[in-house]
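Asker: What would the 3D arrangement of this be:
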Amino acid sequence: MKKFVYQVAGLEYVDTEAFGTAWKQAKAEAARLNVAVYRLVIKDENVRQEVYVNGGCFLPVTYAKPENIHLF
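Answerer: This is a model prediction of the structure:
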C-alpha cells in the first residue's frame, strides 16, 4: 500500500489516497500561505520526492524547474 505525505511549509498531511483528504488540507494551507506543495510517495522501502507544478501534476523534484513550481 502506498502512503502519501504532503508537505507545506513544515506541516505534513498523510493519506493512503493520492488526492484525498490530506491533499485537500495541504492545498488549502498552501493557498493560505501562498507556497508550494511537496509530497513523498512511499511504497514499501521506496520513497519518491515530488513537487506540484503549474501543469497540474506532481513531478520528481529533480525534474522540476523553480519557475514551473506552482505557488497556490
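
Asker: all strands for the chain, in order.
Answerer: Ranges of strands in the chain, per DSSP state E, are 2-8, 11-15, 38-43, 46-53, 57-60.

Asker: list the helices and strands the second one packs on?
Answerer: Strand 11-15 makes packing contacts with strand 2-8, helix 21-33 when contacts are defined by 3 or more CB pairs under 8 Å, 6 or more residues apart in numbering; DSSP states H and E. C-beta coordinates here come from the backbone N, C-alpha and C atoms, glycine included.

Asker: Please identify the most buried of those.
Answerer: Looking across those with neighbours counted as mean count of other CB atoms under 10 Å, the highest average goes to strand 2-8: a mean of 19.

Asker: Run me through the strand neighbours of that strand, direction for each.
Answerer: Here strand 2-8 has these sheet partners by DSSP bridges: strand 11-15 (antiparallel), strand 38-43 (antiparallel).

Asker: Just want the angle from it to strand 46-53.
Answerer: Strand 2-8 runs at 40 degrees relative to strand 46-53, counting by axes from the mean of the first three to the mean of the last three CA atoms, to 10 degrees.

Asker: Strand 2-8 - what's its average pLDDT?
Answerer: What strand 2-8 shows for mean pLDDT is 98.

Asker: same check, this time on stretch 17-29
Answerer: Stretch 17-29 comes out at a mean pLDDT of 97.

Asker: same deal with stretch 49-69?
Answerer: If you average the pLDDT values across stretch 49-69, you get 96.

Asker: The strands paired with strand 2-8 into CSV, with extra columns for distance to Asn68 and mean neighbour count?
Answerer: Listed next are the strands paired with strand 2-8 as CSV, based on distance: least, CB to CB, whole Å; neighbours: other CB atoms under 10 Å:
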stretch, distance to Asn68, mean neighbour count
strand 11-15, 23, 16
strand 38-43, 14, 17
